[in-house]
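# With the sequence up front, the predicted model follows.
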Amino acid sequence: NAGVTQTPKFRVLKTGQSMTLLCAQDMNHEYMYWYRQDPGMGLRLIHYSVGEGTTAKGEVPDGYNVSRLKKQNFLLGLESAAPSQTSVYFCASSDQVRGLDSPLHFGNGTRLTVT
Amino acid sequence: GEDVEQSLFLSVREGDSSVINCTYTDSSSTYLYWYKQEPGAGLQLLTYIFSNMDMKQDQRLTVLLNKKDKHLSLRIADTQTGDSAIYFCAEGTGRRALTFGSGTRLQVQP
């Protein structure tokens, strides 16, 4: 049972380059999330989705875009990477039983460095 | 807006009890969670408590909730070296995604 899978695990980008982080879940969860983790700042929500074809902004959405074309996948895009986007990115999913209060299942993270 | 605060570091000796504390600001929080993050991995759900409960016990873990003071704690009995990790508390109201604290790094010394 794979759970939540993130690809790639590591990436180094130059300032101004673009990339897409892929998240896939096999638990048939309705809700999916992208967080970033920075030292001393915990996890901050970038964007989330409550169902296929829907997305919503979180706490720190600027510089990122997302798409949820299929229920099992949630893509996070950086159009023009900046050094401030150096971080560890976590994808998570949850069922909708308790709505946005449902417990999250996390992937293992993508470590992104922007030089 | 909502805020969740944790101390950054805790060091204990193996066999002792660990108590990790968390405070939050949203008085309408419904569920409160504790997650564990081991090096190089994602967060794993440890336990949770509903806001109408004062305490929840799950084997070595005890969660205490003081709703009046908006204070949550996680007690780990007989702490082992395998408990060394970062522990995050998180809270939610059901109307927005969970808000996480900054994490407490627990170091267990043999």
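Sure, I can see it. Numbers count the residues shown, from 1 in each chain, chains lettered A, B, ... in the order given.

# buried sites along stretch A:34-48?
By 16 or more other CB atoms under 10 Å in any protein chain shown, the buried positions in stretch A:34-48 come out as A:34-37, A:42-48. Backbone N, C-alpha and C define where each C-beta goes, glycine included.

# Tell me who's in contact with B:T81.
B:14, B:108, B:110 (CB atoms under 8 Å, 6 or more residues apart in numbering or on different chains).

# Let's see if you can find the most crowded of those residues.
The most neighbours of any of these, using other CB atoms under 10 Å in any protein chain shown, belong to B:V108, which has 20 neighbours.

# tell me the contacts of the residue of chain B found nearest chain A?
For chain B, the residue closest to chain A is B:G42, as judged by CB to the nearest CB, at 3.4 Å. If a contact means CB under 8 Å, 6+ apart, then B:G42 has A:4, A:90, A:92, A:106-109 as its contacts.

# Can you check the pLDDT for it?
The predicted structure scores B:G42 at 90 on the pLDDT scale.

# Contact residues of chain A facing chain B?
Within chain A, the positions lying close to chain B (CB under 8 Å from any CB of the partner chain) are A:4, A:33, A:35, A:40-45, A:48, A:58, A:90, A:92, A:98-101, A:103-109.

# Out of those, list just those in strands.
Cross-referencing the residues of chain A next to chain B against strands under DSSP state E gives A:4, A:33, A:35, A:42-45, A:48, A:90, A:92, A:105-106.

# Return the closest of those with respect to B:E5.
If you rank those by distance to B:E5 using CB to CB, A:G42 comes first, at 9.7 Å.

# my guess is that closest one contacts B:L98, does it?
No - applying CB atoms under 8 Å as the test, A:G42 and B:L98 come out as separate, 10.9 Å apart.

# In PDB, could you pull the C-alpha coordinates for stretch B:81-98?
Output in PDB follows, covering the C-alpha atoms of stretch B:81-98 (Å, rounded to 0.1, in the frame of the first residue of the first chain):
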ATOM      1  CA  THR B  81      15.700   6.400  21.800                       C
ATOM      2  CA  GLY B  82      13.200   5.500  19.000                       C
ATOM      3  CA  ASP B  83      11.000   8.400  20.200                       C
ATOM      4  CA  SER B  84      13.600  10.900  19.100                       C
ATOM      5  CA  ALA B  85      11.900  12.900  16.400                       C
ATOM      6  CA  ILE B  86      10.100  16.200  15.800                       C
ATOM      7  CA  TYR B  87       6.600  16.400  17.200                       C
ATOM      8  CA  PHE B  88       4.000  18.700  15.700                       C
ATOM      9  CA  CYS B  89       0.700  19.700  17.100                       C
ATOM     10  CA  ALA B  90      -2.000  20.800  14.800                       C
ATOM     11  CA  GLU B  91      -5.500  22.100  15.200                       C
ATOM     12  CA  GLY B  92      -8.600  22.600  13.000                       C
ATOM     13  CA  THR B  93     -12.100  23.900  13.100                       C
ATOM     14  CA  GLY B  94     -13.500  22.000  10.200                       C
ATOM     15  CA  ARG B  95     -13.900  25.200   8.200                       C
ATOM     16  CA  ARG B  96     -10.300  25.500   7.200                       C
ATOM     17  CA  ALA B  97      -7.200  23.300   6.700                       C
ATOM     18  CA  LEU B  98      -5.300  22.300   9.800                       C
END
